[in-house]
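Peer 1: Mind folding the following:
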Amino acid sequence: MSTAFAQHLKQYPQELPHLQPGTYVETDATALHLNCHCFAVGLHHGNYSPADQLAYGHCAKTVQTKTDDWFSQYNFKPKEGLPLCCTQNKIKIVLLGLSAIQAEQLSEYHSRKQIILSKAVQHCLDHIKQFKDNHVYYPTHSLYQNRDGWWYSKMGVQGPIIKIAHANLMTGAAYGKIIRVYEQP
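Peer 2: Numbering: from 1, shown residues only. Okay, here's the model as predicted:
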């Protein structure tokens, strides 16, 4: 049986090109009206996020500080580098994001190749392109690694929770690249 999420991936394969059938499992868990950032830090409701902190187009240093502060509220501290391997008894969060130049390049590429993106992804790219500082990475998605070593991701406010083996499966036009890793001490 094909789910709405599987149909979305089939309709828009360029958005999450690494997330193919067999690379993810939709869990039985439900978390309606909860975005990926709130889900990743363990909240049970909420749609606010680090992305909300960026609505005013702060400089890169301010953006990073505000994003780190947002995750710190929930006892997640930034880690140097991008340590994606499982650490015993630690929960990690990966933050994905795009810069303005990346968003512009993705939009131009998809337009030139006549590849259709979903309205939600196109809206996100259009918003990010407004930033003037190309060193600012707009937080687009968060997922967390549980103590069991699997990564869990909430796919949109109304979407499913999926389980994947590697955080890199979430990179692509929809969310960009991994820009930060957080861990509970």
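
Peer 1: Please, where are all the helices along this protein?
Peer 2: Applying DSSP state H to the chain gives helices spanning 4-11, 36-40, 60-72, 100-112, 119-128.

Peer 1: In contact with the residue lying closest to Asn89 once chain neighbours are set aside, which residues?
Peer 2: Among residues not flanking Asn89 along the chain, Arg147 sits closest, at 6.2 Å (C-beta to C-beta, 6 or more residues apart in numbering). C-beta here means a position set from N, CA and C on the backbone, and glycine is covered the same way. By C-beta atoms under 8 Å, 6 or more residues apart in numbering, the contact list for Arg147 reads Cys86, Gln88, Asn89, Lys90, Ile91.

Peer 1: how about the helices of the chain, which one is nearest Ile162?
Peer 2: Of all the helices of the chain, helix 4-11 sits nearest to Ile162, with 7.4 Å by C-beta to C-beta.

Peer 1: shaky segments in this structure?
Peer 2: 1-2, 50-61 (pLDDT under 70).

Peer 1: Grab the most central residue of it for me.
Peer 2: Centroid-nearest residue in the chain: His141, 1.5 Å away (criterion: C-alpha atoms, centre = their mean).

Peer 1: Going by residue numbers, what spans are strands in this structure?
Peer 2: Using DSSP state E, the strands found in the chain span residues 24-26, 77-79, 92-98, 138-145, 151-154, 161-164, 177-183.

Peer 1: Would you mind putting those strands into a markdown table with distance to His33 alongside?
Peer 2: Formatted as a markdown table, the strands of the chain follow (distance: least, C-beta to C-beta, whole Å):
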| stretch | distance to His33 |
| --- | --- |
| strand 24-26 | 18 |
| strand 77-79 | 28 |
| strand 92-98 | 20 |
| strand 138-145 | 16 |
| strand 151-154 | 11 |
| strand 161-164 | 13 |
| strand 177-183 | 23 |
